[in-house]
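# Turn this into a model:
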Amino acid sequence: MRCGLARWLSVVFGVEFKDLGNTFPIGRQKDGHSCGICVINAIEHAIFGVPLFTDKDRNVLRNRYFAEGVKYLLNNVRISFSIFTKNSDAYRGSSSLPNPRTTTLCNLWIYGSRELMK
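Numbers count the residues shown, from 1 in each chain. Predicted structure coming up:
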């Protein structure tokens, strides 16, 4: 697999690539479900120099990355909805929803910002 990848990279980029082995620094996880957090942290470490993942910091990192993702979505995505009832009254973005027995159609639109759509 490595030889094939090196060959493909050399064809695509026009230079010879050499396999240096596992040289990308990454923290060591002790559980079976923090691998995603560990990988995000390794990339953040390589780019910004933050400390590498440790098992004792896994929950702090998980919460921080989740909060950053939510913050990004809140700043770049707009959600709008319309609910039409049998008598064609529309409740647009209302916090009080109509009776589900009379609701015939519910539309949800998610709009990304121009930066997100690029």
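# Give me the buried positions along the lengthiest helix in the chain.
Identified as the longest helix of the chain according to DSSP state H is helix 58-76. With burial defined by 16 or more other CB atoms under 10 Å, the residues of helix 58-76 counted as buried are 58, 61. C-beta coordinates here come from the backbone N, C-alpha and C atoms, glycine included.
# My reading is that residue 30 lies in a helix. Confirm?
No. Counting by DSSP: H, G, I helix; E, B strand; the rest coil, residue 30 falls outside a helix, being coil.
# Check the burial of residue 77 by counting its neighbours.
As a burial measure, residue 77 scores 12 neighbours (other CB atoms under 10 Å).
# before we move on, what about residue 52?
Residues lying near residue 52 (other CB under 10 Å) number 15.
# Thought residue 41 was touching it, still the case?
Yes. Counting by CB atoms under 8 Å, residue 52 does reach residue 41; the two are 6.6 Å apart.
# Find the residues that touch each one of the two.
Common neighbours of residue 52 and residue 41 are listed as 26-27 (criterion: CB atoms under 8 Å, 6 or more residues apart in numbering).
# So what are the structural domains in this structure, by residue number?
2-76, 77-117 (automatic domain parsing).
# among those domains, which gets the worst mean confidence?
Between those, the lowest average pLDDT goes to domain 77-117, which shows a mean of 55.
# quick revisit: give me the helices and strands touching the longest helix of the chain, please.
helix 35-48 (3 or more CB pairs under 8 Å, 6 or more residues apart in numbering; DSSP states H and E).
# Output the contacting helices and strands for the helix it packs on.
Counting contacts by 3+ CB pairs under 8 Å, 6+ apart, helix 35-48 packs against helix 58-76.
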